[in-house]
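Trainee: Structure of the sequence below:
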Amino acid sequence: MADTEGPRRYQTLFAELKRRHVFKVAAVYGAIAFAVMQAADFLVPALRLPEAVATGIALVAILGFPIAVALAWAFEMTPEGVKREDPAASGELEAIVAQPVRSRWPAGLLALAGTALLLGGGWWILNRAGEPAAMTDADAPAATEVEAEPRRAKLVVLPFQNLGPTEHEYFADGISEEIISRLAAIDGLGVISRTSAIQYKGTEKSLKQIGEELDVDYVLEGTILWQQRPDAPSRVRVTPQLIRVSDDTHVWADRYDAVLADIFEVQSTIAQQVIGALNVALLESERERIETRPTDNLDAYDYYLRGGDYYGRSLAAPDMESAIRLYQQAVESDSEFADAWARLSLAHLRYFWFNYDPGRDHLGLAKAAVDRALELVPGLPDAHTALGFYHYWGHLDYESALEQFEIALVAKPNDAVLWSGIAWVHRRRGDWEKSLAAMERAIELDPLRYELFTNQGMTHRILGDYEEAKPLYDRAIALSPDAVDAYTMMAILYLVRDGGGDKMKELLQAVGEASDTRLFIRQLATVFGKAALFRIDADYRALLTQLSIDELGAQKWAYYLARTGYYGADAPAELQRAYYDSARVVLEGISGSFRQAAQLRGHLGIALAGLGRVEEAIQTGQSAVDMMPVERNALDGNAVAELLAEIYMMAGEHEQAIKQLEYVLSMPTYYQSGAQLGADPFWAPLRGNPRFERLLSVN
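Mentor: You can find the predicted model right below:
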């Protein structure tokens, strides 16, 4: 009996499974699931749904199979409908399978729960397919934390190709920048800055090359056609496409035809489609910023885009003048255009910082503009950025500047300008590691902006990390071979590291081949004030003496000082005195920005020392140090302290000069080093002094 009980039990179970149509359900379910997954493979890319939808459908289909089988076992199809199987009617099977089948309620409940899970999961996947996941603002990471984090999807928005006339180039570039700005508001994305993206305008490089150079995963490119019609509203056609760099796959593409008045909705839609295609989580506040409509006045918006074209070109005075004029026209056309007020403030601040027009109150104009922007739109990111630079550039109020930058970063986590501003503030505070970390983030977001590399190189050079600094300068020169300031920074590196030498001559030759040698010398004589360079190297000194007063522009005091024995020229004593006195007259009659005033006063002390007015020179030099102590400005404060050491030297106060040099070299230094002291004939009278000799080993 025992020998036949096992086979009989399995025969009965097989018969019961067949009677309840479990095999039919399994077969039908498998066929339907296969057909659904095949359809998903076709429809998901066709409907431009995220790839996760196809994966979700397959997962649900697999999980649904055991649920369907359980339902077939727990319920029986009868002519009267679906009925739950009565346990008492299957006593024979009970005897076979014993206790686990005495009640099929657990199986039924499990099947119902699985069905609910299946339906709920399917609804969730389909409902979320066309939009990115939303988070609350409480889920957002801290704005200014610079630390290791999981790699985010990174993309670059290349300048959209203008299909219209040449005069519409600014419009196409401006719309591209506006899309960048909307995407850059998303913390879950890494978005390359416009400054780097614009360098690929008209490029013939492949997307793979661009992806490798910028270290991005995706490229958004497209075309723009602006059709202006005299008898009807202007229309815009935008055709974007999102491409995955690794395999050159088109992830998403579309075409938008709209009247010009709807251009903001087009920008918003493109941004949201990209975010959805990349499955990036989206905060509600981020969604609101993406959907913003900055103005209803199309003339004002046109002025705004034109102003942005000049604002993004360079830091040169003519471009800033044009930007200010056009932003002013934008706010005159629409006095409630907050974004234009914020950009107007930033343009005035640039003009102030570089001291292009000392006679005009650019700082006051900047403050009035940013106040108006925040009055119109409290929390406007660009306005907080402008207010941060107002505190930094206008008053060296670092705490207030960082506070404003942090507010702006919440809304613009991918803004390289903000990260570089944070780096510069930390550097002037003497927080060197924080400065380096923030600038690394800026470089990641704007990897083709050569100024970021020169600034990072300067920070390493100030810290004495010369081997770290040089590759950064090399990179800056490679990115912009005609950028004079990159060569200038390299010259200072060679000076403080080696005390001049053959590398300096090679650099001078390289400048002559790639850029403007006279501009290079002028910059060394004025912006960086490196007197030691001309005293040490005869080739540089010869070029310096060829500069005319007109080539020094507003820095005429530097021209006069450059003609004196202070810069190593072999001029007669009476001629030297005349040049010193001319420098004194100019320096006493000019004013600079808050940052520059102390350095101008320090150079006035140099002119007075050259005239033999020793006590007055020392007092002037000391007052310059008091105006800009190192504790307040780690960069300019150190440079002004070095000027005081030179004043002591010219006054014959050698012990005081050494004491001041010891102070200068006790911290990260802007210009000075032991190698430079040893090579510069200006300090030769101090040779043999044990205290001075010890300084020669400081680098």
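
Trainee: For the spatially closest residue to Phe389 that is not a sequence neighbour, the count of nearby residues, please.
Mentor: Leaving aside its sequence neighbours, Phe389 sits nearest to Leu349 (Cβ to Cβ, 6 or more residues apart in numbering; 5.0 Å). Every C-beta, even on glycine, is put in place using the N, C-alpha and C of the backbone. By the criterion of other Cβ atoms under 10 Å, Leu349 has 27 neighbours.

Trainee: hang on, Ser314 is in a helix, isn't it?
Mentor: No - secondary structure assignment places Ser314 outside any helix; it is coil (DSSP: H, G, I helix; E, B strand; the rest coil).

Trainee: List the contacts of it.
Mentor: Ser314 makes contact with no residue, according to Cβ atoms under 8 Å, 6 or more residues apart in numbering.

Trainee: Now Gln660: which helix or strand?
Mentor: helix 654-664 (DSSP states H and E).

Trainee: just checking, what packs against that helix?
Mentor: helix 636-650, helix 690-695 (3 or more Cβ pairs under 8 Å, 6 or more residues apart in numbering; DSSP states H and E).

Trainee: where's the residue nearest to Phe389, which helix or strand?
Mentor: Judged by DSSP H and E, Leu349 forms part of helix 338-353.

Trainee: how many other residues sit next to Glu336?
Mentor: Neighbours of Glu336 (other Cβ under 10 Å): 16.

Trainee: Would you mind listing the outside residues contacting whichever helix or strand Glu615 is part of?
Mentor: Under the criterion of DSSP H and E, Glu615 resides in helix 614-627. Contact with helix 614-627 is made by 597-599, 601-602, 604-606, 608-609, 637, 640-641, 643-644, 647-648, 650-653, as judged by Cβ under 8 Å, 6+ apart.

Trainee: what mean pLDDT does stretch 607-614 have?
Mentor: Per-residue pLDDT over stretch 607-614 has a mean of 95.

Trainee: i'd like the first residue to be 17 from this point on
Mentor: All right, first residue 17 from here; so that's stretch 623-630.

Trainee: Give me the buried positions along that stretch.
Mentor: The neighbour-count check on stretch 623-630 (16 or more other Cβ atoms under 10 Å) flags 623-626, 629-630 as buried.

Trainee: Verify the assumption that Ala274 is located in a strand.
Mentor: Yes - counting by three-state DSSP, Ala274 is found in a strand.

Trainee: Spatially, what comes nearest to Ile286 if we skip its sequence neighbours?
Mentor: Nearest one to Ile286, counting by Cβ to Cβ, 6+ apart, is Pro256 at 5.2 Å.

Trainee: Where does pLDDT dip in the stretch 217-366 of the chain?
Mentor: Within the stretch 217-366 of the chain, no stretch has pLDDT under 70.

Trainee: quick one: the helices in it?
Mentor: Listed in chain order, the helices of the stretch 217-366 of the chain (DSSP state H, counting those that start in this stretch) span 223-230, 279-293, 300-306, 314-327, 333-349, 354-369.

Trainee: Please identify the deepest-packed of those helices.
Mentor: helix 354-369 (a mean of 26; mean count of other Cβ atoms under 10 Å).
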